[in-house]
Structure formats: structure tokens, C-alpha cells
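# here you go, sequence then predicted model.
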Amino acid sequence: MMQIHVASLPDIPEMHRIRTSVRENQLTNPALVQPHHYRAMLNEQGRGWLAKIEGRVVGFAVADLTRSNVWALFVDPGFEGRGVGRRLHDTMMDWLFAEGAEHVWLSTDPGTRAARFYQSAGWRYAGNEPNGEVRYKMSREQWLAPKA
């Protein structure tokens, strides 16, 4: 059974393990995401969540409330396709909008499973980033609208 927990500073090594193990959206420059980046997100800018199955961390999500942004959503490759990403996503989005965000944005590589995941969750295309990533946007109204 999957459990979702709020992440704390001692969880950073497991979060980073997952971040560096993914098959898509790999870090081309590992220096871009280091433990101090997680600390800033968890302590000052937002909140994070862990998904655990049988006590093992199998995914995590981090929301940046100061920028109304999905900073991270990653699932251990051995646990993909089990609903981990969706549970983390929904928990994070509920929190962002409950905290007052009107619009939330994220970016990801185009043509990936992640892009398809966000599209299926109702995110709308909002252009391209200078680095080639695709930008998506979700409004509070979209999120709160009855799901079909």
C-alpha cells in the first residue's frame, strides 16, 4: 500500500537518489541540482512529499510556492506505472491551490512520458522555454473543475 508523507531535510538523500536514477529528464549537469537546492525548497520556498511503498521511498514531488511552480516530480524507475506519480501530483496540486496559488506552471522535455502525463492530468501548453523545454500551465479553476 502506498503512503504519502511530507518530506523533510533527512529525506533529501533518498529524493536525490531517485532524481539521479530516472530514465527521462536526466540531469545533463548534476551540479544543477544539489542537496542545498532541496533544502531551499523544503525550508523556504515550498513543500515536498514522498511516496513510500512498504517503507521504501519510491517517488517524490516538490512544489515551489514562491514561484507557483512544480519544481520536481520523479518516480523510481522500478515503480513506474503504479500510480505513484499521479498520487504525488494530486497531493502537490491540492496543496498549491489551498495555499493560494491561482496558476501553477512547470516545464519538461517535449515528447516525453512526462509531457504526456501532464497533458493527461489537464495541463495546458503555454509555450516553449529558451532551453527547449515545453511549458505547461494549470489554473485553480481547471484544477477544481469536476473531472470527467
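Arrived safely.
# any regions of this structure where pLDDT drops low?
25-34, 148 (pLDDT under 70).
# residue closest to the middle of it?
Per C-alpha atoms, centre = their mean, the C-alpha nearest to the average position across the chain is that of residue 73, at 2.4 Å.
# so which bits of stretch 131-144 are buried?
Buried residues in stretch 131-144, counted by 16 or more other C-beta atoms under 10 Å: 133-134, 136, 138, 140, 142-143. Just so you know, the C-beta spots here come from the backbone N, C-alpha and C atoms, and that holds for glycine as well.
# dump these into JSON lines; add secondary structure as well.
What follows is those, written out as JSON lines (DSSP: H, G, I helix; E, B strand; the rest coil):
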{"residue": "133", "secondary structure": "coil"}
{"residue": "134", "secondary structure": "strand"}
{"residue": "136", "secondary structure": "strand"}
{"residue": "138", "secondary structure": "strand"}
{"residue": "140", "secondary structure": "helix"}
{"residue": "142", "secondary structure": "helix"}
{"residue": "143", "secondary structure": "helix"}
